[in-house]
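Participant: Need coordinates for the below:
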Amino acid sequence: MGMVAKETQGEKRCHINISYGNEDCESMACNFDCASKWKGLGECVSTESPNCICAYRMVAKETQGENMCHINISYGNEGCESMVCSFDCASNWKGFGECVSTESPNCICAYPCAN
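Facilitator: Numbering: from 1, shown residues only. Predicted structure coming up:
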């Protein structure tokens, strides 16, 4: 899954899907994961879905002034391993990858957006 950007009164908003694999999305976990990783607001698609939609502000890379894009790398039914996540993100997008949690199959990769 990827990132979607939307401008709201001069501010770009991004949305990313957090999947909890075979488990149903829980509202508190969705909000916590979204707030702790992206300082955004998370909302479950439904109580019977594993998907959480996280809405957050697009950030600019302070040192170079370039926008950062985000992509979700899912490892299916396996838990995310931080070294694999970091390697996949760096080798495929020249970015920085971080696991949503050790129990989640999701790796969030932040990389410089193409101009």
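
Participant: what pairs with the residue nearest to Ile18 when sequence neighbours are not counted across the strands?
Facilitator: Spatially, and ignoring its direct neighbours in sequence, Ile18 is nearest to Cys52 (4.2 Å; Cβ to Cβ, 6 or more residues apart in numbering). To be clear about C-beta, it is placed using only N, CA and C from the backbone, and glycine gets the same treatment. Under DSSP bridges, the beta-bridge partners of Cys52 are Ile18, Cys44.

Participant: packing partners for whichever strand or helix holds Arg13?
Facilitator: Assigned by DSSP states H and E, Arg13 falls within strand 11-19. On a contact count with 3 or more Cβ pairs under 8 Å, 6 or more residues apart in numbering; DSSP states H and E, strand 11-19 meets strand 4-8, helix 27-38, strand 51-57, strand 68-74, strand 106-112.

Participant: right, so of these, which gets closest to Glu98?
Facilitator: For the helices and strands packed on strand 11-19, the distance to Glu98 is smallest for strand 106-112, at 5.6 Å, taking Cβ to Cβ.

Participant: Quick one: list the elements packing against the closest one.
Facilitator: Judged by 3+ Cβ pairs under 8 Å, 6+ apart, the packing partners of strand 106-112 are strand 11-19, strand 68-74, helix 82-93, strand 96-99.

Participant: how about those in JSON lines, adding distance to Gly40?
Facilitator: Conversion of the helices and strands packed on strand 106-112 to JSON lines gives the following (distance: least, Cβ to Cβ, whole Å):
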{"stretch": "strand 11-19", "distance to Gly40": "8"}
{"stretch": "strand 68-74", "distance to Gly40": "11"}
{"stretch": "helix 82-93", "distance to Gly40": "20"}
{"stretch": "strand 96-99", "distance to Gly40": "15"}
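
Participant: With distance to Cys34 and mean pLDDT added, can I get those in JSON lines?
Facilitator: Listed next are those as JSON lines, based on distance: least, Cβ to Cβ, whole Å; pLDDT from 0 to 100:
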{"stretch": "strand 11-19", "distance to Cys34": "7", "mean pLDDT": "75"}
{"stretch": "strand 68-74", "distance to Cys34": "12", "mean pLDDT": "83"}
{"stretch": "helix 82-93", "distance to Cys34": "18", "mean pLDDT": "89"}
{"stretch": "strand 96-99", "distance to Cys34": "14", "mean pLDDT": "86"}
